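A.B. asks: Here is the input, now give the coordinates:
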Amino acid sequence: MHFFIQYLWENPRFFLSWMLFVVFSICLHEFMHAYIALKEGDDTAARLGHLTLNPLKQMGIFSLIMLILIGFCWGRVPVDPRNFRRKNSDLYVSLAGPLTNLGLFLIFGLIVGTAFKFFPEQLDGERGGFFVSMFFNGSMMNMVLFIFNMLPVPGFDGFGVIHSLLPQNFKDTEFFKGASIVIIMLAFVFSDKLFYAGQKATYILINLVVNL
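C.D. replies: As a prediction, the model looks like this:
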């Protein structure tokens, strides 16, 4: 079994850059949940100090340890839907995090595409390769986070989105509950496909920029 922490001595640059991008992306994801919740009338996350990019607050020490050891982590902010002002507030709060990851996917991918288009000679050599690899991985990883968080299963933002849109009588059915379990099992079984989808999306974005 290959633990993520092994990259620390096998490829320290990759390890540190991956840690940086993952922690920043998850903390910004959670920050946006807290920020939009506050705008929609619920100050729970704000009162508890989640309007921050501090990974100890947004992710917690155990999540950070798991990231270092196996490359898997998570974040969470408390939200009380009873305080929301509007009918669709829960939908907006649920979408805030994944859309943040989608935005970071675009930003990091555009950085790589722009560099290839206008400064290709600067990308030769070890430093240029590291720059491309770092921002490519940042873009790819955020697409994976977007897809993963949009899964319509309990505990994921996609469930909040679906829960906001579907009628109550359907949400309470055993079919819906069973389908959620099947989806999360398939997501873990085919997790490598998620990373392939993230890589493919990043390549497409970079090629679009280069060929403009």
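
A.B. asks: quick one: average pLDDT of stretch 149-166?
C.D. replies: For stretch 149-166, the mean pLDDT works out to 81.

A.B. asks: That one: how far from the chain's middle?
C.D. replies: 14 Å (CA atoms, centre = their mean, to the nearest Å).

A.B. asks: Could you report the separation of residue 9 from residue 3?
C.D. replies: 11 Å (CB to CB, to the nearest Å). Yep, even glycine has a C-beta here, placed from its N, CA and C like the rest.

A.B. asks: Same question for residue 64.
C.D. replies: 15 Å.

A.B. asks: How about residue 35: what's its closest non-neighbour residue?
C.D. replies: residue 51 (6.4 Å; CB to CB, 6 or more residues apart in numbering).

A.B. asks: residues touching that neighbour, list them.
C.D. replies: The contact partners of residue 51, taken as CB atoms under 8 Å, 6 or more residues apart in numbering, are 31, 34-35, 38, 45.

A.B. asks: Relative to residue 71, which of the residues you listed is nearest.
C.D. replies: If you rank the contacts of residue 51 by distance to residue 71 using CB to CB, residue 31 comes first, at 22.0 Å.

A.B. asks: Just the buried residues of whatever helix or strand that closest one lives in, please?
C.D. replies: Using DSSP states H and E, the element containing residue 31 is helix 12-39. Buried residues in helix 12-39, counted by 16 or more other CB atoms under 10 Å: 15, 17-19, 21-23, 25-38.

A.B. asks: pLDDT averaged over that helix - what is it?
C.D. replies: 94.

A.B. asks: And the residue nearest to the spatial centre of the chain, how far from residue 22?
C.D. replies: Geometric centre of the chain, nearest residue: residue 145, 3.1 Å, by CA atoms, centre = their mean. For residue 145, the distance to residue 22 equals 8 Å [CB to CB].

A.B. asks: Likewise for residue 209?
C.D. replies: 24 Å.

A.B. asks: Likewise for residue 204?
C.D. replies: Distance of residue 204 to residue 22, given as CB to CB: 22 Å.

A.B. asks: before we move on, the earlier item: what about residue 64 and residue 3, which has more around it?
C.D. replies: The neighbour count for residue 64 versus residue 3, taken as other CB atoms under 10 Å, is higher for residue 64 (16 against 11).

A.B. asks: In what element of secondary structure is residue 162 found?
C.D. replies: helix 157-165.

A.B. asks: tell me what that helix is packed against?
C.D. replies: Contacts defined by 3 or more CB pairs under 8 Å, 6 or more residues apart in numbering; DSSP states H and E place helix 157-165 against helix 89-118.

A.B. asks: Name the residues that touch whatever helix or strand comes next after the helix it packs on?
C.D. replies: Note on helix 89-118: by DSSP H and E, the next helix or strand toward the C-terminus is helix 125-149. The contact list for helix 125-149, computed with CB under 8 Å, 6+ apart, reads 13-14, 17-18, 21-22, 25-26, 29, 97-99, 101-102, 104-109, 111-112, 115-116, 122-123, 156-158, 187, 194-195, 197-199, 201-202, 205-206.
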